[in-house]
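# Sequence and predicted structure, then a few things I'm wondering about:
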Amino acid sequence: MIKLSKTRFACLLMACWLPLQASAGLFDDDEARKAILDLRAKVAQLEQQARDMNARLDTKSDKSAVLDMLNQHEQDMQEMARLRGQIEQLANQLSNLQKNQRDYYADLDARIKKLEPQQANIDGRTAEVLPSEKQSYDAAMEQFKSGDYKGSINALQDFVRRYPTSAYAANAQYWLGNAYYAQHDYKNAIAAQQAVVSNYGDSAKAPDAMLNIASNYVELGDEKAARKTFQQLVKQYPDSGAAAAAKERLATLEPASAKAPAKKAKRK
């Protein structure tokens, strides 16, 4: 007759109790799978013991022994039911863990993509910009387009300070000069546009910046400086649209010689 002793049964309960306690926390894939395999092995062992008992019951004539075996059999069946419940619980926990991991990595991937550089077309040139750069630049330009020139000045200055090497930096500096011009602050407008020429001379905005510098000099009444700037623009960027405009503007400026007072003829 096969009969589980109290000590053996206590050990069996302890072996099953420990995986149950471990299941209270989060398992990783390997831990959960191992716990499930262990529990399935215990169930298989108990099922084998039950089969052995059933086979032996047929050969037993001692009523007391038969009752003991029946009691043991009932206990084993209850234990198997409990272990099967644990297996189901662990399988569900493993499934939920795997789903949570998939959701986590999907969310992480989406967050990383938001931080990765993106392709942008800026004045006909393709460049990589961070999403934060584009968002900041677009916000500043929205202020400019809405007529909030003071607000756009602060936003564009902040952009150039934060992203001096951005593909948008030349544009931000250029529109900063235009914002000053819109407020009739011609001196600061000249300084802002000069920064475009000095720091971003190869950008598409450099010729337009020089044209705006000359226009600001005209507003200040300094036609000499305006004429000089127009001439530099034509020489430095001869094929640009700004150079063509500079030539037209030069033709409208009164020559410096015409402004000089005519000398009186000396009397003989």
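Done, it's in. The model shown is predicted, which means the values in this text are computed figures rather than measured ones.
# What residues of stretch 141-152 count as buried?
In terms of neighbour count (16 or more other Cβ atoms under 10 Å), stretch 141-152 has its buried residues at 141, 143-144, 149, 151-152. Glycine gets a C-beta too; all of them are placed from N, C-alpha and C.
# How about stretch 76-84?
So stretch 76-84, judged by 16+ other Cβ under 10 Å, has buried residues 76, 79-80, 83.
# Please apply the same query to stretch 172-189.
Using 16+ other Cβ under 10 Å, the residues of stretch 172-189 that count as buried are 172-181, 185-186, 188-189.
# Any idea how many residues pack against Lys224?
As a burial measure, the neighbour count of Lys224 was computed by other Cβ atoms under 10 Å and equals 12.
# where does it land on pLDDT?
For Lys224, the model assigns a pLDDT of 94.
# same check, this time on the one 5 residues further on
Here the pLDDT value assigned to Thr229 is 96.
# how near is Ala41 to Gln86?
The span separating Ala41 from Gln86 equals 13 Å under the rule Cβ to Cβ, to the nearest Å.
# Which one of these two is surrounded by more residues?
The residue with the greater number of neighbours, taking Ala41 and Gln86 and applying other Cβ under 10 Å, is Gln86; the counts read 20 against 11.
# from what I can see that one touches Arg40, true?
No - taking Cβ atoms under 8 Å as the contact criterion, Gln86 and Arg40 are not neighbours in contact, 10.1 Å apart.
# before we move on, back to that, same list (the buried residues of stretch 76-84) but as JSON lines, adding pLDDT, distance to Asp123 and secondary structure.
As requested, the buried residues of stretch 76-84 are arranged in JSON lines below (pLDDT from 0 to 100; distance: Cβ to Cβ, whole Å; DSSP: H, G, I helix; E, B strand; the rest coil):
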{"residue": "Asp76", "pLDDT": "78", "distance to Asp123": "81", "secondary structure": "helix"}
{"residue": "Glu79", "pLDDT": "80", "distance to Asp123": "77", "secondary structure": "helix"}
{"residue": "Met80", "pLDDT": "78", "distance to Asp123": "75", "secondary structure": "helix"}
{"residue": "Leu83", "pLDDT": "81", "distance to Asp123": "71", "secondary structure": "helix"}
